[in-house]
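Q: Predicted model and sequence follow; I will ask about them next.
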Amino acid sequence: MKEVQIVFKEADERVGKAAEFWIGVGLGMMKARLFPNDELQITEGGPTDEGHDWTRTVYRNTGQEIEMFVDRDARDCDGSLRVFRQYSCPVEKLESVHNEYTGLMMPDWEQECHHRSDLFAESMGY
């Protein structure tokens, strides 16, 4: 069964303008609203027939841009898989990309870094 947990961390002092943008959560969409230094953490996943599959996504408003950190931890019969990705989007580009399926304007995310660790593939020399 897939679970979704949403945790909101409000900045100690709210100064500046809130950034609003659409994000995918589970099978739906949610509009996030973050002031500078606010943080939104979404954890999705659960056990699978061969192990588990969890993804944690953290959104943080720096005041100039929204940072998104995606951390996936999975295990199946082939072993464990860890994937980490970091993205950013300037606040002025939070409604720059048209999503043809939902009709919503989405952030124009730019990938900052990507790291993947697949223990099965590494043991096979890939």
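A: Nice, I can see it. What you are looking at is a predicted structure, and each value in this text was computed from that prediction instead of being measured. Numbering: from 1, shown residues only.

Q: Now do the closest residue in space to Gln41 that isn't next to it in sequence: how many residues are near it, please.
A: Distance criterion CB to CB, 6 or more residues apart in numbering; nearest residue to Gln41, sequence neighbours excluded, is Val7 at 4.4 Å. Every C-beta, even on glycine, is put in place using the N, C-alpha and C of the backbone. Residues contacting Val7 under the criterion other CB atoms under 10 Å number 11.

Q: Val7 - that's part of a strand, no?
A: Yes: secondary structure of Val7 (DSSP: H, G, I helix; E, B strand; the rest coil): part of a strand.

Q: how close does it sit to Asp38?
A: 12 Å (CB to CB, to the nearest Å).

Q: Could you check which helix or strand contains the residue positioned nearest the centre of the chain?
A: What sits nearest the mean C-alpha location of the chain, by CA atoms, centre = their mean, is Thr57, with 3.1 Å. Using DSSP states H and E, Thr57 sits within strand 51-61.

Q: Which elements pack onto the helix or strand just after that strand?
A: With elements assigned by DSSP H and E, the helix or strand that comes after strand 51-61 is strand 65-76. Packing partners of strand 65-76 (3 or more CB pairs under 8 Å, 6 or more residues apart in numbering; DSSP states H and E): strand 51-61, strand 79-90.

Q: Adding distance to Gly16, write the ones you listed out as JSON lines.
A: Output for the helices and strands packed on strand 65-76, formatted as JSON lines (distance: least, CB to CB, whole Å):
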{"stretch": "strand 51-61", "distance to Gly16": "8"}
{"stretch": "strand 79-90", "distance to Gly16": "14"}
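
Q: Any stretches of this protein with poor pLDDT?
A: When residues are selected by pLDDT under 70, those of the chain lie in 1, 119-126.

Q: And stretch 91-102, what's buried?
A: Neighbour counts over stretch 91-102 (16 or more other CB atoms under 10 Å) mark Val91, Lys93, Leu94 as buried.
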